[in-house]
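Peer 1: Let's see this in three dimensions:
(chains A and B)
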Amino acid sequence: MNTFTRTHPAALLIAGLLALAGTGAQANGGTLKIQVNGMVCAFCAQGIEKRLTKMPETGPLYINLAQKVVAVEPKAGRRIDVDKVRAEITDAGYDVVKVETVAQTVAAIRAEMKARK
Amino acid sequence: MNVATEQIRPRRRRAQARLAAALAPVLGLLAILPAAPAWALPMASQGSVMVMAERSADERELAANFALTARDALGAAVGRWREPMGHGAAMREHEREYTALTYTRLVRRWNMPHAQANLWFVGMLGEVRAHALPGARTLWSPALLADYETTRVYFGAGIEPMRARGLRHDSVVARAGFSFYQAEYDEMQPWLIVQAKRTRWGMDAKSELTPLLRVIHRRFFVELGGNDNGAQVNLMLSY
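Peer 2: Take a look at the predicted model:
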């Protein structure tokens, strides 16, 4: 932190926002990357997709059965409520093990997981 | 199996003709649709509709249910089964046709890191009509199903007794199979499933071993197979 940002909090705030601007999803509130137990079959897991895509704040969604991951990105300018997503997945009949907020977009997560195969 | 023509009195023949005329549209639908047994996933997620159709040499069923909650679904089923009676030259095949309301309950689910197991109850209450038996009889069935699966392996088993006064149709089924490869969520995934089924009607019983090719793609689930008794097709669609 330099003298300018130390003495000008607004500048610090702007600098912080600019730093975040290039990270896509995180500027909107972050992509949720959720580890889910019990998700072994597409026919069964489509209930998760159905419930999450119905939420008004959710954008792109990715489900990876092998890695047991659901990734959901917020729509532009929106933020996803973690507790709400957790409840939707639980109500769909699955167990949420871990929820992370990541800077990656769903497309980036999809590409990363495909590259791991 | 020799099938002999049954001696039916004229009054019953007319009643059966009226029944056949009333059921013709439904039976026509059953004739072209494959049937889905309750042995596969018997209900979809809350707020979804599941349509199931099953057809084998001796059984046909068309069913649908709506998931009121994550664990409860209400629905209806219409079906038919054929059972042999007698032996040798006196062997006859009798058909039973039923309509019923169904209730499906997810009794217990175990979500594991790499697997899921379920215990299901499927109850049925309706009526059954049968050749050589007057009128309709109350049909009831409490079925219990269990399954365990990973992304590559599947095991399932179930007991489905169907009873009415003077009628009995009990099935015990075990299934096991594997997926040919790991598939992405939005990819088609083929499986090889082997089904062992024992069916009992009254004092008679039959055992069948049926290999099935199962293909799953998102909301679409189909199984095709056959044994020396004939072909078997199961279909499920979820909305």
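Peer 1: low-confidence ranges in the chain?
Peer 2: Here I'm looking at chain A. Chain A contains residues with pLDDT under 70 at A:1-28, A:117.
Peer 1: was after chain B, sorry
Peer 2: For chain B (pLDDT under 70), the answer is B:1-40, B:86-91.
Peer 1: Give me every residue in it that's in contact range of chain A.
Peer 2: Contact residues, chain B versus chain A (C-beta under 8 Å from any C-beta of the partner chain): B:41, B:44-48, B:70-71, B:106, B:109-116, B:149-151, B:182-187, B:189, B:216-221, B:236, B:238. (Glycine included, C-beta is placed from N, CA and C.)
Peer 1: Look up the residues forming beta bridges with the residue nearest to B:Gly226 when sequence neighbours are not counted.
Peer 2: Distances taken as C-beta to C-beta, 6 or more residues apart in numbering or on different chains place B:Gln232 nearest to B:Gly226, at 5.9 Å, with adjacent residues excluded. Note on B:Gln232: beta-bridge partners B:Gly225, judged by DSSP bridges.
Peer 1: do you know how far B:Gln232 is from chain A?
Peer 2: From B:Gln232 across to chain A, the span is 19 Å (C-beta to the nearest C-beta, to the nearest Å).
Peer 1: Run through the residues that contact that residue.
Peer 2: The contact partners of B:Gln232, taken as C-beta atoms under 8 Å, 6 or more residues apart in numbering or on different chains, are B:54-57, B:210, B:212, B:223-226.
Peer 1: Look up phi and psi at A:Pro60.
Peer 2: With angles defined as degrees, to the nearest 10, A:Pro60 sits at phi -60, psi 150.
Peer 1: which residues sit in contact with it?
Peer 2: If a contact means C-beta under 8 Å, 6+ apart, then A:Pro60 has A:72-73, A:105-107 as its contacts.
Peer 1: At which residues are the strands of chain B located?
Peer 2: B:49-55, B:59-67, B:72-85, B:92-111, B:116-130, B:136-149, B:153-164, B:167-179, B:189-201, B:204-217, B:220-227, B:230-238 (DSSP state E).
Peer 1: Check chain A too.
Peer 2: Using DSSP E, strands in chain A cover A:31-37, A:58-64, A:69-74, A:95-102.
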